[in-house]
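Trainee: No letters, just coordinates:
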């Protein structure tokens, strides 16, 4: 294990790496954001990762959902991601749940952190309500076109900040999905490793008309 995680251990030491082995997380959604999160966190040494998704791979998913390849059509997204995690890291237990978030929440599985990788506001509202009921933090992420949002929710409430509506997202390209997932993964890993994390701040990233990457942040009400 020490050889496998050599560069991370250089970053924060063996004690922190051992601590990660005792952590459990849930990634809700195993598509665009979920695939990138599985790659970023699946080989980090987190002891147990639950992947939740009822959906199967479609051909139009593959270009932006990096876990999938041609021939995966019709297979459950969570199962494919779980297999990839365990193929890449023998030190992580990955568990696939072929169901929606509401069904998963009834299983009463104890985790240290929930990470949102969904694509709709109502499910994020459900995640927020569940997290509040369990006194759990969660990491929100969303992407659309050339912009995205990230927030580590602890005291603030997603349901108070966002209007929960059904909305069809605009088109999207792969790099912004990976970018937002990377930010989510960094927040999650820092938190699980006991490092400082700025909580209840909404980060909004977008490319302006000149192609400049703009990052804004907003403190959320608690």
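Mentor: Everything's here; your move. Computed from a predicted structure; not experimentally measured.
Trainee: what's the distance between residue 38 and residue 216?
Mentor: Remark: distance between residue 38 and residue 216 (C-beta to C-beta, to the nearest Å) = 28 Å. Any C-beta I mention is one placed from the backbone N, CA and C, and that applies to glycine too.
Trainee: and those two? which has more neighbours close in?
Mentor: residue 38 (28 against 10; other C-beta atoms under 10 Å).
Trainee: Low-confidence stretches in the chain?
Mentor: 164, 166-170 (pLDDT under 70).
Trainee: Could you look up the next helix or strand downstream of the longest helix along the chain?
Mentor: Counting residues, the longest helix in the chain under DSSP state H turns out to be helix 174-192. Scanning forward in sequence from helix 174-192 by DSSP states H and E, the next helix or strand is strand 201-207.
Trainee: Now do the buried residues in the following helix or strand past that next one.
Mentor: Using DSSP H and E, the next helix or strand after strand 201-207 towards the C-terminus is strand 213-219. Buried positions in strand 213-219, judged by neighbour count with 16 or more other C-beta atoms under 10 Å: none.
Trainee: and the angle from strand 213-219 to helix 174-192?
Mentor: For strand 213-219 against helix 174-192, the angle by axes from the mean of the first three to the mean of the last three C-alpha atoms, to 10 degrees is 40 degrees.
Trainee: mind checking the SS state of the spatially most central residue of the chain?
Mentor: Nearest to the mean C-alpha position of the chain, counting by C-alpha atoms, centre = their mean, stands residue 115 at 4.1 Å. Following DSSP: H, G, I helix; E, B strand; the rest coil, we place residue 115 in the strand state.
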